[in-house]
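Engineer: Show me the folded form of this:
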Amino acid sequence: MIGGILLQRVSTIFYGKVYAAVDASNPTPPTIPEMLALLLPVINGLLFRLGPVLLVVMIVYAGFTRSLAADNPKKVQQSTQMIFWAVIGYAVVLLSYLIVRLSLSLIGYDITKGNSITL
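Structural biologist: Reported below is the predicted structural model:
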């Protein structure tokens with residue numbers, strides 16, 4: 001119950017509105033498509049709204065570190081690695097999202113209808 005409320009609050013923050021996937025009056029546990037439909041706005045918000053912001057923040061921070069490094073080659077190398085790993089990390093996150101979407105479509109889930117996932 002508390003987890004569902006927290007999930008709705010987080011998805012409201014990142015996505016703007018929550019699509020009710022589970023009927024609260026029905027005591028049966030939710031199915032996998034219902035759970036995925038509830039998680040999809042949160043995942044989309046984290047990946048496509050918060051992720052690029054964090055990537056830009058990391059690149060800007062690494063740029064400041066590089067500009068303040070002066071003649072210290074260790075700091076220059078550290079800032080270069082920071083940029084490299086920030087970009088690699090975001091690429092891994094995007095690839096994992098694509099792999100999950102591909103695997104869902106291969107096992108028969110219809111993922112083309114916005115936030116609803118149906119068999």
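Engineer: hey, let's count contacts and neighbours off CA atoms from now on
Structural biologist: OK.
Engineer: Leaving out sequence neighbours, find the closest residue to L55.
Structural biologist: In space, and not counting its chain neighbours, L55 is closest to A86: 6.2 Å by Cα to Cα, 6 or more residues apart in numbering.
Engineer: give the contact list for that neighbour.
Structural biologist: By Cα atoms under 8 Å, 6 or more residues apart in numbering, the contact list for A86 reads L55, M58, I59.
Engineer: any idea how far G108 is from M58?
Structural biologist: Using Cα to Cα, to the nearest Å, we find M58 at a distance of 38 Å from G108.
Engineer: Among those two, which residue is more densely surrounded?
Structural biologist: M58 (18 against 10; other Cα atoms under 10 Å).
Engineer: So the more buried one is in contact with T80, correct?
Structural biologist: No - if you go by Cα atoms under 8 Å, M58 and T80 don't touch, sitting 11.2 Å apart.
Engineer: Buried residues, stretch 42-52. List them.
Structural biologist: V42, I43, N44, G45, L46, L47, G51 (16 or more other Cα atoms under 10 Å).
Engineer: ditto for stretch 80-95
Structural biologist: Quick answer for stretch 80-95 (16+ other Cα under 10 Å): T80, M82, I83, A86, V87, Y90.
Engineer: Can you list which of those are found in helices?
Structural biologist: T80, M82, I83, A86, V87, Y90 (DSSP state H).
Engineer: from the residues you listed, which is closest to P29?
Structural biologist: Y90 (34.0 Å; Cα to Cα).
Engineer: which ones are touching that closest one?
Structural biologist: Contacts of Y90 by Cα under 8 Å, 6+ apart are G51, P52, L55.
Engineer: And it, what's its pLDDT?
Structural biologist: Y90 carries a pLDDT score of 92 in this model.
Engineer: rewinding a little: tell me the pLDDT of the residue nearest to L55.
Structural biologist: Reported pLDDT for A86: 95.
Engineer: same question, I13
Structural biologist: At I13, pLDDT is 50.
Engineer: before we move on, the earlier item: relative to S103, which of the buried residues of stretch 80-95 is nearest.
Structural biologist: Nearest member of these to S103, counting by Cα to Cα, is Y90, at 20.0 Å.
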